[in-house]
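Visitor: just the structure for this:
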Amino acid sequence: MVDSRQLKKIRNLGIIAHIDAGKTTVTERVLYYTGRSHKMGEVHEGTAVMDWMDQEQERGITITSAVTTCFWNDHEIHLIDTPGHVDFTIEVERSLRVLDGVVAVFCAVGGVEPQSETVWHQADKYRVPKIAFVNKMDRIGADFNNVLDQMRGKFRCVPVALQLPIGKESEFRGVIDLLNMRQVVWIDETLGAEFQCREIDPDLVPAAQVAREQLIEQLAEYDDQLMGLYLDGGTIETSLLHEVIRSLTLALQVVPVLCGSALRNKGIQPLLDAVVHYLPCPLDVPPIEGLDPDTGAKLVRLSSEAEPFSALAFKIFMDQGRKLTYARIYSGSLKVGSDVFNVTRGVKEKLSRIFQMHANKRERLERAGVGSIVALMGLKSASTGDTLCDPAHPILLEAIDIYEPVISVAVEAKTRSDQEKLLEALGRLAEEDPTFRFQEDPDTGQTIISGMGELHLEILLNRLDREFRVGVNAGRPQVVYRETIRQEADAMGLFEREIGGAQHFAEVRLHLKPLPRGQGNLVLDKIPDDSIPVEFRTALQEGIQDAFSSGDLMGYPVVDVEAAVIGGLCREGAASALAFRVAATMAFRETMRKANPALLEPYMAVEILVPEEFLGEVLGDLNGRKGRVEGITSRRAIQVVTAVVPLSKMFGYSTGLRSATQGRATFTMQFANYGLLCEPLGRH
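Guide: Numbering: from 1, shown residues only. As a prediction, this is how the structure comes out:
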């Protein structure tokens, strides 16, 4: 039994950042200094423990979120290292859904980069408290204060600097701890495992005193006791500062900021201390809320083992053909051999094994308690976002938001034996990754796979070859379009047919109206009289929903349309649910033809970091790609270009950008919205 004292010493923590900010390097140092690893892994050498996939080691990027457990100062830390590339944003989303706190890593040179903003706002959505770590203080151009300014401007948060860097760039050698007013310097010969805490150098004392004064002023604005001591000139104990920072961090009012250089083994131990001091334990987060699946009544589960078991499955992983379900336990406990009820699927299954994960390695457990993040085996029906609970006390927790794919590729098996294995392999990949979809095109017979970007699909095709031994040929990436209408229209759908010796009749009148972009679809019942009996109206709405899935122009899903049923006709003895469902679909198709249908294509928000001398070439290229430049800002010698560009024009952009800028520019992009097609499909 885990009591409240033990729960107070658990931290469920994620590390989030823009790609190449140093998340995995920070994680590797955490594992080394906590004794979880006995050898320090390096991303650039392909030896990082948490980047265990072949593709991660070869490319030097994180692709899948990896879970581990380590211990620091008698605290148990469940740690998830998440990807920074936008193509794998679902890994961040589903991790943040189950985490209690995060460390956001920023590059001291790049500052707040595009994907930093995305993951920060994802954390805000789930109200996850944060600590910031400014990494790479040893790099040329490192600027600690600039990162703080960018955090204030872009996140509208209150960053509170708990440290002052000693030196910068190649001169960076340690930090000043502003809470204890001491100097911390790491010993290189010990790979940073040992450090010295000593008096602050006399020439650094004035700056340290000013910084500490600013820190206390910031905190005093939120705490009356601290404000009183500050105004009276009284002694302010470090323990009080810890309490105030912790309470303000948990309330999302401030963000403690530390700095260091993970690659040079500096700054990690104070970061771990901050995790223990300021980030929440399971008792600090609000009790998990859900619904009674039978009545819809609101239910609450406290973070206690006295409560019935409840957990959320947040990640599925296929390990050598066996399905592992990663879950966060919110209440109660779980034992090997227990019956687990999957409320989302309505299935009861027996749990065969429980594992504590360390990247791709696993340690068997006999039980797991509240606050744990574990991997479960034996749950064949589980999927991302499913609720797992005690069969006698069902509860349905809020699911995880899943992003819609924006890019598709046609694939075909190289041999007949590959063809037999292809669909099974794709099914397993889709189970792991809810942003990956596949389907067979009924017209061409091709298998179409869809994902979040070129890199996403490239990785998945590579996994088909390496892990599943399935050879495929892939076509050019195809954009996933949408259809909509540009004007209002009315039309009628009439279904009259004899089926199985019985007459079926229904007439439906429909009115379609375009909605603002991003509004979604709406189905309204505006039948003025009882011309259509109530018992057929559900079937009628189902027919309209069917029609939304495939538009009249090219069969793409229809979006941003209001469909109102304005009338119809029912013939006694011949009316049926089937007839009204089909008539509604026919009415939708006919009305859409009259409503000036149009294709929508995905537009991407692109941010390009380019040296000033190449700015003209980059802007000219964006113009040629039908892009709309929305802003150009200066970040020292780098120009930051933000633009919105049709996805269809961004294929191969990384190669073009490298060629135009001698490899010195970088870019990131993420889905922005759907907009009207910029030019006819035939010219793409």
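
Visitor: so what's the closest residue to residue 17 other than its chain neighbours bridging to?
Guide: Nearest non-adjacent residue to residue 17, counting by C-beta to C-beta, 6 or more residues apart in numbering: residue 105, 3.9 Å away. (Glycine included, C-beta is placed from N, CA and C.) Taking DSSP bridges as the rule, residue 105 bridges to residue 17, residue 133.

Visitor: please verify my assumption that residue 105 contacts residue 20.
Guide: No - the criterion here is C-beta atoms under 8 Å, and residue 105 misses it with residue 20 at 10.3 Å.

Visitor: and the two? Which one has more around it.
Guide: Set residue 105 next to residue 20 and count neighbours by other C-beta atoms under 10 Å: residue 105 wins out with 27 against 19.

Visitor: contacting residues around the more buried one?
Guide: Applying C-beta atoms under 8 Å, 6 or more residues apart in numbering to residue 105 gives the contacts 15, 16, 17, 21, 22, 23, 26, 132, 133, 135.

Visitor: hmm, 6 Å instead?
Guide: Applying C-beta atoms under 6 Å, 6 or more residues apart in numbering, one finds that residue 105 lies in contact with 17, 21, 22, 23, 26, 133, 135.

Visitor: where does residue 219 land in three-state SS?
Guide: With DSSP: H, G, I helix; E, B strand; the rest coil as the basis, residue 219 sits in helix.

Visitor: what is the burial count for it?
Guide: Residues near residue 219, counting by other C-beta under 10 Å: 22.

Visitor: now do it against residue 662, distance only.
Guide: Taking C-beta to C-beta, to the nearest Å as the measure, residue 219 falls 47 Å from residue 662.

Visitor: is residue 249 in a helix, a strand, or coil?
Guide: Going by three-state DSSP: residue 249 is helix.

Visitor: then residue 658?
Guide: Classified using three-state DSSP, residue 658 is helix.

Visitor: not counting its neighbours along the chain, what's nearest it?
Guide: In space, and not counting its chain neighbours, residue 658 is closest to residue 665: 7.5 Å by C-beta to C-beta, 6+ apart.

Visitor: hey, where'd the helices end up in the stretch 1-150 of the chain?
Guide: Secondary structure of the stretch 1-150 of the chain (DSSP state H, counting those that start in this stretch): helices located at 4-7, 23-33, 54-59, 89-98, 114-125, 144-155.

Visitor: out of these, which one sits most buried?
Guide: Of these, the one with the most neighbours on average (mean count of other C-beta atoms under 10 Å) is helix 23-33, at a mean of 26.

Visitor: residue ranges with poor pLDDT in the stretch 351-500 of the chain?
Guide: Where the stretch 351-500 of the chain drops to pLDDT under 70, the residues are 406, 441-445, 477.

Visitor: helices of that one, start to end?
Guide: For the stretch 351-500 of the chain, the helices defined by DSSP H, counting those that start in this stretch cover 416-432, 454-466.

Visitor: can I get those helices in CSV with mean neighbour count?
Guide: Shown next, in CSV, are the helices of the stretch 351-500 of the chain (neighbours: other C-beta atoms under 10 Å):
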stretch, mean neighbour count
helix 416-432, 16
helix 454-466, 19
